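**Q** predicted model, plus sequence, below.
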Amino acid sequence: MKLSTFFPFRYGILQKLFTIFLIVLVPIYIIVYLMSNSGVNIIRQQILTLMEQKSDYFVSATDSELERIAKLQKDMADDPDLQSLSIRPDTLRDYERAKAINDLESKLRTLSESSRYIKEAFVIIPSIERRISSFSGMKDIDQNEFARLLDNKASASGLTSIDERIFFVLGVPYMTKFNYLMVVELSISKIGVDLGSMNSNGNGTVFIWSNETEKPSIIPAVGVTDEIIRFNRQSSELEGTAFRIGNKNYLRFTKSFEFPDWALVTVVEEDQILLPVHSFKEWLIVLSVISIIVFVIASFLLYRYIHKPLRKMMQAFKKVEVGQFDTSLVHTNKDEFYYLFQQFNQMTSQLKILVQQIYEQKIHSQRSELKHLQSQVNPHFMYNSLYTVALMAKEEDYEGVTSMSRHLGDYFKFITQNKADLIPLEKEVQHAKVYASIQEVRFGSRIRFDFQETGDTSEWEVPRLIIQPFLENAIIHGLEDIRQGGRLCVRIIAKPTSLIIEIEDNGKGMPQDKLKKWQEESIIPNEWEDHALWNVHRRLRLRYGDKSGVKLQTNDNGGLTVVLQIYKEGDVKDE
């Protein structure tokens with residue numbers, strides 16, 4: 001069966017593109033063919049090979065080495081011996097302190113010997129007033145050196161420059177308030193040696209231009225004269241890739257580093273590099289004129305036959321994105337766009353039917369998930385409560401048995417009511433108070449509960465069981481081991497468009513890795529899926545939108561504060 005049976009094209013896009021490329025390429029290839037035998041190989045060899053390849057290799061290798069040094073420095077900053085000496089030196093015994101210093105000196109020497117670009121690695125520890133170095137061992141802090149390292153702020157890469165010396169400076173935990181300074185001094189002479197191997201372009205010069213400090217500086221190749229250094233500074237003050245000094249024209253090739261704010265600068269005399277191509281300037285002018293004409297013609301054809309139909313289709317898709325499914329496209333030429341436009345029109349007609357079906361399925365799915373999540377929130381303290389009632393009965397505390405039984409009845413009456421998705425906030429708070437009363441009987445004076453309400457709570461309805469799971473979690477994981485002085489505070493702040501519920505305890509809190517994992521719940525939810533806190537978080541986000549949900553944070557008492565945020569703008573209303 002012929003292709004024309006499915007696509008009745010008179011003149012397809014493939015043929016149009018082929019014709020356009022012929023119009024563009026044929027004149028260029030004719031001119032390039034005339035130039036290739038005498039000039040192209042020389043230009044490629046001198047400019048690309050000597051400039052680009054060497055510069056790329058040097059910059060890439062140096063970037064990787066400096067980044068590796070910075071990583072080794074950060075790894076060294078986390079060394080346990082270094083942290084022990086800086087954070088708790090008074091708690092170390094003499095032999096522990098001596099061993100930690102010896103081990104630290106050995107590690108610094110290993111770090112210093114790991115790269116030829118490292119001149120010295122040392123650490124300044126104010127708590128013991130010592131400077132421990134891979135080169136000179138341990139000695140007293142040089143206050144002048146210490147002050148200058150602090151005053152010269154490191155750049156984003158961690159580098160700073162002092163008296164034409166280059167350092168990686170890392171303050172731990174951070175520069176303005178730290179326990180120690182981890183410093184690595186780079187060997188400018190070794191960098192200069194490698195730069196010297198790059199300087200093989202006749203009358204050229206190679207240097208590194210550094211913008212890591214407020215005043216830019218130059219790292220020259222090893223062995224250069226003062227005259228060349230002055231030339232480097234003079235050329236750096238001029239703009240552009242081509243410039244003139246004296247009676248000579250120069251070309252500058254710059255390759256930026258990715259890790260530090262450095263640039264490898266290669267400066268050569270223009271006559272030395274471009275001497276073989278002077279005879280081709282006239283041909284290049286002709287080539288430029290023809291290329292411009294060809295470009296204009298090709299651009300017009302591409303716009304008319306490709307860009308214009310594509311833009312029309314993009315505008316139609318944008319209309320479909322906002323729900324305008326009545327959009328239709330018309331194309332007169334019998335080419336590929338004619339077929340695409342027809343298929344687009346058929347697609348939009350089918351979308352009208354599918355969108356309504358999918359929307360209804362999504363609503364039913366969300367309601368089912370809400371029911372499922374509600375069913376996962378169940379009481380876990382029934383046995384302890386019944387055991388408490390039994391003990392009170394055994395001790396003939398009939399008043400306590402009566403009170404406890406009434407609270408348990410109210411509690412189980414509330415959680416077994418599973419008819420409505422939403423309940424008044426006052427009922428949810430009352431249920432939390434009933435739960436707190438049961439726990440007060442169980443724990444006595446060990447834990448004190450406090451409820452604070454601000455604003456008009458009567459206007460709010462919330463999903464069932466969103467406060468009690470957090471009280472239970474705080475008791476089990478934060479306060480159960482506390483023998484005296486436990487506190488659990490519930491603060492409710494009701495506003496017309498937002499509701500904030502804070503549950504704060506003074507327990508042992510949550511580890512930082514757990515808090516970090518909770519912050520990543522939208523990306524890695526699997527670990528929390530069976531957790532009651534995650535269930536409440538999902539219920540709030542499903543009903544009120546992504547702005548609502550649960551946040552966890554530490555408080556000034558060392559415990560954990562849970563913040564429930566509900567915003568009416570994202571409310572998903574029942575239909």
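**A** That came through fine.

**Q** helix, strand or coil for the spatially closest residue to S437 that is not a sequence neighbour?
**A** Distances taken as C-beta to C-beta, 6 or more residues apart in numbering place H407 nearest to S437, at 5.1 Å, with adjacent residues excluded. Quick note: C-beta positions are derived from backbone N, CA and C, even for glycine. Following DSSP: H, G, I helix; E, B strand; the rest coil, H407 is assigned to helix.

**Q** pretty sure H407 is touching Q439, no?
**A** No: counting by C-beta atoms under 8 Å, H407 does not reach Q439; the two are 9.7 Å apart.

**Q** so those two - more neighbours on which side?
**A** Set side by side, H407 and Q439 show more neighbours around Q439, with 23 against 20, by other C-beta atoms under 10 Å.

**Q** confidence score at the nearest residue to that one once chain neighbours are set aside?
**A** Counting by C-beta to C-beta, 6+ apart, the nearest residue to Q439 once its immediate chain neighbours are dropped is I475, at 6.2 Å. Per-residue confidence at I475 stands at 86 (pLDDT).

**Q** any idea how far the residue lying closest to A221 once chain neighbours are set aside is from F451?
**A** Leaving out its chain neighbours, the residue that sits closest to A221 by C-beta to C-beta, 6+ apart is L195, at 3.8 Å. Here L195 is placed at a distance of 71 Å from F451 (C-beta to C-beta, to the nearest Å).

**Q** counting neighbours, go ahead and name the busier of those two.
**A** Neighbours per residue (other C-beta under 10 Å) separate L195 from F451, with L195 holding more: 23 against 15.

**Q** point me to the helix or strand that includes the more buried one.
**A** helix 188-198 (DSSP states H and E).

**Q** list the buried ones in that helix?
**A** For helix 188-198, a neighbour-count test (16 or more other C-beta atoms under 10 Å) marks 188, 191-192, 194-195, 198 as buried.

**Q** what's in contact with it?
**A** Residues outside helix 188-198 that contact it (C-beta atoms under 8 Å, 6 or more residues apart in numbering) are 54-55, 58, 62, 116-117, 119, 164-166, 206-208, 219-223, 264, 266.

**Q** for the following helix or strand past that helix, which strands pair with it and how are they oriented?
**A** Where DSSP H and E defines the elements, the next helix or strand beyond helix 188-198 is strand 205-210. Here strand 205-210 has these sheet partners by DSSP bridges: strand 217-220 (antiparallel), strand 262-269 (antiparallel).

**Q** what separates strand 205-210 from the chain centre, distance-wise?
**A** In terms of C-alpha atoms, centre = their mean, to the nearest Å, the centre of strand 205-210 is found 33 Å from the chain centre.

**Q** now do that strand against helix 188-198, angle only.
**A** 140 degrees (axes from the mean of the first three to the mean of the last three C-alpha atoms, to 10 degrees).

**Q** may I have strand 205-210 as PDB, with CA atoms only?
**A** C-alpha atoms of strand 205-210 as PDB (Å, rounded to 0.1, in the frame of the first residue of the first chain):
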ATOM      1  CA  THR A 205      51.900  34.400  27.500                       C
ATOM      2  CA  VAL A 206      49.600  32.300  29.800                       C
ATOM      3  CA  PHE A 207      48.300  33.300  33.200                       C
ATOM      4  CA  ILE A 208      45.400  32.800  35.600                       C
ATOM      5  CA  TRP A 209      43.100  35.800  36.300                       C
ATOM      6  CA  SER A 210      41.500  35.400  39.700                       C
END
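
**Q** give the contact list for D481.
**A** K508.

**Q** what secondary structure does it sit in?
**A** Quick answer, by three-state DSSP: D481 is coil.

**Q** pLDDT at it, what is it?
**A** 78.

**Q** quick one: it from R543, how far?
**A** On the measure of C-beta to C-beta, D481 and R543 end up 35 Å apart.

**Q** what's the answer for F122, then?
**A** When F122 is compared with R543 (using C-beta to C-beta), they lie 58 Å apart.

**Q** elements contacting whichever helix or strand C489 is part of?
**A** C489 belongs to strand 486-494 when assigned by DSSP H and E. When contacts are defined as 3 or more C-beta pairs under 8 Å, 6 or more residues apart in numbering; DSSP states H and E, strand 486-494 packs onto helix 425-443, strand 447-454, helix 468-474, strand 498-505.

**Q** low-confidence ranges in the stretch 401-550 of the chain?
**A** Applying pLDDT under 70 to the stretch 401-550 of the chain flags the ranges 417-419, 521-532.

**Q** rewinding a little: so in that sheet, which strands flank the strand holding C489, and in what orientation?
**A** strand 447-454 (parallel), strand 498-505 (antiparallel).

**Q** tell me which residues of the first one come out buried.
**A** By neighbour count, with 16+ other C-beta under 10 Å as the criterion, the buried positions of strand 447-454 are 447, 449.

**Q** tell me the helix or strand right after it.
**A** By DSSP H and E, the next helix or strand past strand 447-454 is strand 461-463.

**Q** and that following strand, what other elements does it pack with?
**A** Taking 3+ C-beta pairs under 8 Å, 6+ apart as the contact cut, strand 461-463 packs with strand 422-424, helix 425-443, helix 532-544.

**Q** next secondary structure after the last one?
**A** Proceeding C-terminally, helix 532-544 gives way to strand 549-554 as the next helix or strand, assigned by DSSP H and E.

**Q** and that next one, which strands flank it?
**A** In the sheet, strand 549-554 lines up with strand 560-567 (antiparallel) (DSSP bridges).

**Q** off-centre distance for the partner strand?
**A** That offset, for strand 560-567, works out to 25 Å (C-alpha atoms, centre = their mean).

**Q** check the residue nearest to A221 and give its pLDDT.
**A** pLDDT, L195: 84.

**Q** cool, and Y338?
**A** pLDDT, Y338: 78.

**Q** which residues of the stretch 101-250 of the chain fall in helices?
**A** Applying DSSP state H, counting those that start in this stretch to the stretch 101-250 of the chain gives helices spanning 143-151, 188-198, 226-236.
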